[in-house]
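Sequence isn't available, so here's the structure alone:
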């Protein structure tokens, strides 16, 4: 019995493919879009390269421009509400600007009256379900796809063939791959065993709501790509067919495929023969194109990492068939230039609209987008106004106290808010927090990375801080498009330790369902206090515990979220000068010896993250690298070379632009009163009694070796310990132990297997981190344990900076310990392993501020802390994820306020501490 099954469910994909990638050989397209009847210009029309994310909109004059389009065949498409879509197919092989104008025909059908009966609704629903399964496919990914405007689709069935049409692009939300697809359906035919559909798409990438969703999308995109016709032709172009899991076969002459059995290997080299597709590839018309002429019918076996095939009993690979009678042209990105000549069936035919990826997608390659730079000053319709309204975001901060004293830490938790909840966590990932003086001068500006709508941080207030009303301001660059009035701002008074503040009486309306339950109501100093939260799900809950006798809650100083601008307030399109940031950005310009813009290749090595990024300049010598994920102050090595590989030394980096600081418009009313006693502000904490404290020894040495050593960017260190002075007994241990007894002013303790380093003059505190900054060959590492990766035999020297240097920011406040390996002691002509020459330049940038942990003593351990504990903030947790938490009381007796905030809900309870 023959079990061979020939799938007749053909999928003829008449997509007009084009390529978008960053090649040196590119061209530009510009033109005007007009109404075909009136010849008037059409603003706000979508102009895009079909099946990619690359597109733009026309300005108020109907003009558009698309740049950096690689040579080859492209389809330029135009769509606009109220008009029938238009497109033009072009092929370009020369650099320059190609002028292409469009005329759009008004879609009269959209304006006509539509009558729908209930019987038609039932029939339409039946047709729609057949259409949905046919066009999206029947894979697991298809279940996460939704057609948002299905009412646009009309159906007609004639002699068992279902036809579908749509008057304008249909919107498909693909939550499996993370895209919003606007698909122009030009034809659709469905019979019992065959589907044919033709169309082209515009892709918009969705923003993941969490890291988990982003990882899911990346995996699903890779899953959708692998085994597709795009993957096949990309593998052919890269000569990686077998490496990517493909094998090809043809039917042996004289054998009827219908007589094949379910056992593949029993027929191999008999009725089915292997074929080497690589030998069939020829060069195309331009450098990045290829041509292949397949045999009439190819059977393709693909080893999928995600699925097991069920066609053959002894071969679990996925099986597809390819049929064509003409040569196929494709480029090095796997994009077929004449897809109408390709017919596929089997596994490949199951990859339909639900698994369709933009042509500018390749695994591990980023997608570049263009945002129109031209300002459009025309009246906006309500649909456009709502679209702009949805793009608003805000920052909301919650601080641990309402006011502060000098030498305290201001702790805060941040949350992102959105006008449209559907846009949550989908725009900015970078927030700027500023500490501004009473004289409206910037004191501190910190950058924070947003993770799942939240971030957290701390501002250290110096002991000599002038008293007065300071401002805390927070914003994203994207918010600047909607005006500075959207920024978060809060007045934060800094008063004498002998004072407290009483706020203006505000009626208390507590509709919170949150309840706080403590295990007792009265505690002793340093006793453990257990709290349980009821009435809410603990996700990103903010907890603050303060001494209510010296720190009062001042409601008039608390800043609530501002209302978002209404949709009707957008009379014209905002300029959108500021782009949303997903990470840090480096941009600038490269000049040649004559100070003219240079075509250049740039290499950036981010030492802390240990990765390399490359970039190219445009025709004006400009470059931009975005999405950089770096924390705190980091050194970046970089170099630029021309197209012949020669170094270019004139690299000019752009300075960051920040909003001006204006006087605050907030007028909170409060009164400052005197305390009976002075608030004790104590940060230092004694070492555990059982810790081993090593003696300080001052040792002077004389350097005798002569070698080339690149000068550090921080200049001369305070002290240097060379390899020859390090004891052999330390081999295999942490290199920082080599400083024991050799560097004055440095204390190293070793207790419970943990190393603690403190430098005289460092900003050690009970609530902060007293560790110095650790560097390896000039690049920061996480902590002292990271030094274990350094081979003792490869160490050249260890340099110590006991005083803070401005270039290291807050990370270097407690000093710096810099380890230099022998590989860093080299000649200037030598290169490293990161694609950079030793003469590469260095740039120090300030990355995301790292969230310091709040110090909460654990008095339940055997190690007692003898220093008096008089903290006014007893406990602070900006991101509680459990319904239970606990902390220890300090030494100050009185009443503690326990406050819990979850979004707009706030709950409080009080406990008493007595001796």
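All right, it came through fine. Every value quoted in this text rests on a predicted model; they were computed, and no experiment measured them.

ranges for the helices of the stretch 351-500 of the chain?
382-389 (DSSP state H, counting those that start in this stretch).

Tell me the secondary structure at the residue most central in space within the chain.
For the chain, the residue sitting closest to the mean C-alpha position, by Cα atoms, centre = their mean, is residue 582 at 4.5 Å. The three-state label for residue 582, taken from DSSP: H, G, I helix; E, B strand; the rest coil, comes out as coil.

got a pLDDT number for it?
Residue 582 is assigned a pLDDT of 84 by the prediction.

Same question for residue 166.
87.

contacting residues for residue 173?
Residues in contact with residue 173 (Cβ atoms under 8 Å, 6 or more residues apart in numbering) are 145, 146, 148, 180, 181, 206. All C-beta atoms are positioned from the backbone trio N, CA, C, and that covers glycine.

Nearest to residue 340, out of the residues you listed: which one, please.
Nearest to residue 340 among the contacts of residue 173 is residue 181, at 20.9 Å by Cβ to Cβ.

Name the residues that touch the helix or strand where residue 48 lies?
Residue 48 belongs to strand 46-49 when assigned by DSSP states H and E. Around strand 46-49, the neighbours that count as contacts under Cβ under 8 Å, 6+ apart are 18, 20, 33, 54-58, 64, 66, 69, 74-80, 102, 182, 202.

That strand: partners in the sheet, and parallel or antiparallel?
strand 55-57 (antiparallel), strand 72-79 (antiparallel) (DSSP bridges).

List the contacts of residue 207.
So residue 207 contacts 423, 425, 426, 427 (Cβ under 8 Å, 6+ apart).

Buried members of those into ChimeraX, please.
Selection of the buried residues among those in ChimeraX, burial being defined by 16 or more other Cβ atoms under 10 Å:
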select :423,425,426,427
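
Mind putting the contacts of residue 207 into TSV with pLDDT?
Putting those into TSV (pLDDT from 0 to 100) gives the following:
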residue	pLDDT
423	83
425	81
426	79
427	86
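
quick one on the thing from earlier: which of the strands paired with strand 46-49 sits most buried?
For the strands paired with strand 46-49, ranked by mean neighbour count under the definition mean count of other Cβ atoms under 10 Å, the leader is strand 72-79 at a mean of 24.

Now do that one: distance to the chain's middle.
29 Å (Cα atoms, centre = their mean, to the nearest Å).

Please, where are all the helices along the stretch 51-200 of the chain?
108-111, 118-136.

just to revisit the earlier point, would you list the buried entries among the contacts of residue 173?
Neighbour counting with 16+ other Cβ under 10 Å marks 145, 181, 206 as buried within the contacts of residue 173.

rewinding a little: which of the helices of the stretch 51-200 of the chain comes out lowest on mean pLDDT?
helix 108-111 (a mean of 50).

Out of the strands paired with strand 46-49, the one nearest residue 547 is which?
strand 55-57 (56.9 Å).

Which strand residues bridge residue 586?
residue 625.

And residue 846, by the same measure?
Bridge pairing for residue 846 - DSSP bridges - gives residue 633.

residues near it, how many?
Residues lying near residue 846 (other Cβ atoms under 10 Å) number 20.

and if you look at residue 913?
22.

Same question for residue 893.
With other Cβ under 10 Å as criterion, residue 893 counts 15.

tell me the contacts of the residue nearest to it when sequence neighbours are not counted?
Distances taken as Cβ to Cβ, 6 or more residues apart in numbering put residue 913 closest to residue 893, at 5.0 Å, once the chain neighbours are dropped. Listed by Cβ under 8 Å, 6+ apart, the contact set of residue 913 reads 522, 523, 524, 525, 527, 889, 890, 892, 893, 894, 895, 896.

what sits opposite residue 913 in the beta ladder?
Residues in beta-bridge contact with residue 913 (DSSP bridges): residue 523, residue 894.

how close does it get to residue 523?
5 Å (Cβ to Cβ, to the nearest Å).

Find residues that contact each of those two.
Contacts common to residue 913 and residue 523, judged by Cβ under 8 Å, 6+ apart, are residue 889.

How far off centre is the strand holding residue 48?
Offset of strand 46-49 from its chain centre (Cα atoms, centre = their mean): 25 Å.

Check stretch 479-498 too.
27 Å.

How about stretch 790-809?
With Cα atoms, centre = their mean, you get 32 Å for stretch 790-809.

any idea of the mean pLDDT for it?
Stretch 790-809 shows a mean pLDDT of 74.

let's have the chain start at 260 instead
With the count now opening at 260, the last piece we talked about shows up as stretch 1049-1068.

in the stretch 660-809 of the chain, what spans have low per-residue confidence?
Along the stretch 660-809 of the chain, the model assigns pLDDT under 70 to residues 764-770.
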